[in-house]
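Asker: I would like to see how this sequence folds:
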Amino acid sequence: MERVFAALATRIASASGQPVTFALALVTILAWAVTGPIFGWSDTWQLIINTGTSLVTFLMVFVIQNSQNRDAAAVQAKLDEIIRALDQARGEFIGIEHMTDRQIEAIRAALEKEAGHEPGKLGTVDDSVETLLERR
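Answerer: Numbering: from 1, shown residues only. Here you go, the predicted model:
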């Protein structure tokens, strides 16, 4: 079931971000709006679009979250491999995504301080690059 859901979620998430899908949604809304006078702007007419959009939104939350979770896990695995492969990289950073927000923020602050920045107040990109190059 997990593989089927992952494959389905990937396809739906990919399709939902396409211009043709946006156009289809826009056409649906326009068709609904045009039929308003035909149905006398009735409660049932309004209920149709409200129910449809609610159902699509509800289901898309799970599809998009699943896709984002898999993407984030893949990126973390790739970053862990880069850390593992580089001689000067610190292996203790592997797996920090499992720490609490407070622990991760403490690590970020320490890294910013190590880079010569006041935590929370980074300099320019050029400053950061210069600092990194000096470490080598």
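Asker: I'd like the next helix or strand past the top helix by length along the chain.
Answerer: Longest helix in the chain by number of residues (criterion: DSSP state H): helix 43-85. Heading C-terminal from helix 43-85, the first helix or strand you meet, by DSSP states H and E, is helix 101-114.
Asker: just to revisit the earlier point, other SSEs contacting the longest helix of the chain?
Answerer: helix 2-16, helix 19-34 (3 or more CB pairs under 8 Å, 6 or more residues apart in numbering; DSSP states H and E). All C-beta spots, glycine's among them, are computed from the backbone N, C-alpha and C.
Asker: Could you tell me the least trusted of these?
Answerer: Here the lowest mean pLDDT among these goes to helix 2-16, at a mean of 91.
Asker: could you give the angle of it to helix 19-34?
Answerer: Interaxial angle, helix 2-16 versus helix 19-34 (axes from the mean of the first three to the mean of the last three CA atoms, to 10 degrees): 70 degrees.
Asker: buried stuff in helix 2-16?
Answerer: 9, 12-13 (16 or more other CB atoms under 10 Å).
Asker: Could you report the pLDDT at D126?
Answerer: Predicted confidence (pLDDT) for D126: 62.
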